Structure formats: C-alpha cells, structure tokens
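J.: quick check, what structure comes out for this input:
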Amino acid sequence: MDDVLSWKQLPNMRPVNDAETKLGLRKAAAPGFKRLRLTLSYCGTPWRGWQGQESGDGIQDVFQESVLKATGFEVKVHGSGRTDAGVHAYGQVAHVDVPDSIRMNAVAWRKALNACLPLSIRVTDLQFADDHFHARFDAVGKTYRYRIWRPQLLSPFEADRAWHIYGPLDMQALHNCAQKLVGTHNFVRLSANRGDMPEEKRRALPEKTTRTIHRAEISETDDVIQLEFEGDGFLYKMVRMIVGSLMQVARGRASTAWFSDLLSRSDGPQTHQTAPACGLYLMHVSYPGEARLESKFCT
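T.: Purely as a prediction, here's the structure:
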C-alpha cells in the first residue's frame, strides 16, 4: 500500500477551512477521485512557461495532455506557481485529481505519465496525497538558482541554460549586495507588474509586494557563478530583476548605494535590469513539516 501524505502528519499545515476554501479556490478531491502530488523537472526552453496557453504549448497544457493519453480522462493540474517562458525547474510541485477506478500504484503512475510526456518534462516523484493538499496554497517557501557562464566562449551545452557574462566582475560588491537581500523587504521596485492592476495601485499595497528572503548565497567556479535565493515567496520576475540589478553593480555600472535604495525606498523608480530567463531554475518548493528533498537531476 502506498503511503498517503496526511495533514495530520504536517503539524504546521494551515487548516482546511481557510480563505482560499471560502473563495472556492481550494477544493478537495471530489468523491470517486484521489489526489496525486507530483514533483516535475523540466527544461523550459521549448515551452511558453508553466501556465496553460491558448496555443497549447504551456507545460501545464502538455502535462494535462499526458494524463489524457495515459488514462483517457481530462484533468486540471495545479502547480505551486508559474514559471516564465524559458525558465527551467528541478523541483516544481503540482497536484492533480484522478479517478479511484484507475488501480495503479505511485510507481506505475510515474512511469505511465513519463511515457506520455516529451523528454524535456519529467515526473521525478509522485505520491498519493491527502485530498486537501494544494500545491500552491500550502507552499510556504521556494528556492531559486540562477546560473551565469563566465568564460569568453559560450559552451554550446550552456546555450539557453545560463546567462553569458564575460569580463571583470566586482565579486566583493556582488556578495555585499546579495547579503542586503536577506530579511523582509518591499520588493516592488525589484519585481514586475503582471498586468492585473495599475502600477499606482500595486505600489499602494505593500502587503502584496513584501517578501522575506531567508538565504542569498553565491558560489563560484572557474566557469559558473551560481546565485541561490530561498524565501517565503517571490513576485513576478523578482529573481530575474534581482540578478539583473546585482550584475549591474558587479560590472561597475551601478553602485551598491543604488542597489540598497531599491530595497529601502519603495517610492523610487523601478529597476530596468532583468536577467534572461534561460539562467533561472526553480529548485525546490517547501511545505510545512517536510524535510527538503533534492531532485535526482540536481547538481
């Protein structure tokens, strides 16, 4: 018998009767259905991001089509959040409800779905979850990694996998600015407007644009600089705008005072420095009461 992730085993999980439930956003699995929790890894290059598209080339579309191919049932998959076109993932989390009548265990489900998915999208882990588990609303944190390729010649194996920056960098300034990110800040100037409200209104709602960064780390090899950010949540294009602004300082094109001002003063102008999508990876999604598990593809 496969283990079911029970809410009773997650002591910090929010109660089922919460705001999302009252608004009809959080729905339990319907009678006759069971909930699958999936961890997905994907190369974002061929796809127009996670979100479903009218053209059908969102990762959400492709995954739903794979379930249809495997089972003959149309389903709706819910992800922990969106990733933009060209952004990759090692540890995207999603859930989907499937009929009880399909008598497959978790291993068989994973094999069946991967057999129907393109090779650029893989289900790396699958478990039967509690009927009330929600990939988006139960998430309490995420970890993103950004990769920068440093040699003068861009490796063909790094094309669409990293941002190519050749030339001198002020690594001390880069580290100093990265550490300023740790803590709770209003990231309105380091995030983009998704277009669901006027910018003036967005800036008047600090509760919508304030996030806490728990960790901001930089590692360096001869070829690659990796920047990793762990926080309670990230706004639209927030990581890419942080990285773009950090590199503006590291390249000597802006000062550390300019970067500090982006964090400390919410009424100033927006940064216009946005790193390319190709270097960004969603590494991990955190849920209450769970230890972190790295993807088997994580290096």
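J.: alpha carbons only for contacts and neighbour counts from here, please
T.: Fine.
J.: and for stretch 212-224, what are the contacting residues?
T.: Residues outside stretch 212-224 that contact it (CA atoms under 8 Å, 6 or more residues apart in numbering) are 147-151, 175, 178-179, 181-185, 225-233.
J.: what does stretch 264-282 give?
T.: So stretch 264-282 is contacted by 44-45, 83-92, 142-148, 160-163, 185-190, 203, 237, 240-245, 248, 262 (CA under 8 Å, 6+ apart).
J.: where does this protein have low pLDDT?
T.: For the chain, applying pLDDT under 70 flags the ranges 1-25, 291-299.
J.: which of the contacts of stretch 212-224 fall in strands?
T.: Residues of the contacts of stretch 212-224 located in strands (DSSP state E): 147-149, 183-185, 225-231.
J.: follow-up on the earlier one: among the contacts of stretch 264-282, which are in helices?
T.: 203, 240, 241, 242, 243, 244, 245, 248, 262 (DSSP state H).
J.: out of those, what pair is the most spread apart?
T.: Spatially, the most separated pair among those is 203 and 248, at 23.8 Å (CA to CA).
J.: put the alpha carbons of stretch 278-287 into CSV.
T.: Only the C-alpha atoms of stretch 278-287 are listed here, as CSV (Å, rounded to 0.1, in the frame of the first residue of the first chain):
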residue,chain,number,x,y,z
CYS,A,278,17.5,31.0,-19.6
GLY,A,279,19.6,31.1,-16.4
LEU,A,280,16.8,30.7,-13.9
TYR,A,281,15.9,27.4,-12.2
LEU,A,282,13.1,26.6,-9.7
MET,A,283,15.0,24.3,-7.4
HIS,A,284,12.6,23.4,-4.5
VAL,A,285,9.1,24.2,-3.1
SER,A,286,8.8,24.0,0.7
TYR,A,287,5.8,22.7,2.6
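J.: secondary structure element for residue 275, which one?
T.: Residue 275 belongs to no helix or strand when assigned by DSSP states H and E.
J.: quick check: phi and psi on it?
T.: Dihedral pair for residue 275: phi -70, psi 150, per degrees, to the nearest 10.
J.: just give the number of residues close to the residue nearest to residue 48 when sequence neighbours are not counted.
T.: In space, residue 48 comes closest to residue 85 once its chain neighbours are excluded; the distance is 4.2 Å by CA to CA, 6 or more residues apart in numbering. Residues lying near residue 85 (other CA atoms under 10 Å) number 18.
J.: against residue 245, how distant is residue 85?
T.: As judged by CA to CA, to the nearest Å, residue 85 and residue 245 stand 20 Å apart.
J.: before we move on, what about residue 100?
T.: Distance of residue 100 to residue 245, given as CA to CA: 49 Å.
J.: who has more neighbours, these two?
T.: The neighbour comparison of residue 100 against residue 245 (other CA under 10 Å) goes to residue 245, with 25 against 12.
J.: what comes up buried for stretch 254-270?
T.: The neighbour-count check on stretch 254-270 (16 or more other CA atoms under 10 Å) flags 255, 256, 259, 262, 263, 266 as buried.
J.: quick check, the fifth one in contact with residue 187.
T.: Spelled out, that is residue 263. Yes: using CA atoms under 8 Å, residue 263 is in contact with residue 187, at 6.5 Å.
J.: quick one: which of the buried residues of stretch 254-270 is nearest to residue 284?
T.: For those, the nearest to residue 284 is residue 263 (24.7 Å; CA to CA).
J.: identify the residues contacting the closest one.
T.: By CA under 8 Å, 6+ apart, the residues touching residue 263 are 181, 185, 186, 187, 189, 190.
J.: can you rerun that using 10 Å?
T.: 180, 181, 184, 185, 186, 187, 188, 189, 190 (CA atoms under 10 Å, 6 or more residues apart in numbering).
J.: which residue is the nearest non-sequential neighbour of the residue of the chain positioned farthest from its centre?
T.: Residue farthest from the centre of the chain, counting by CA atoms, centre = their mean, is residue 101 at 32.3 Å. Spatial nearest neighbour of residue 101, excluding adjacent residues (CA to CA, 6+ apart): residue 32 at 7.7 Å.
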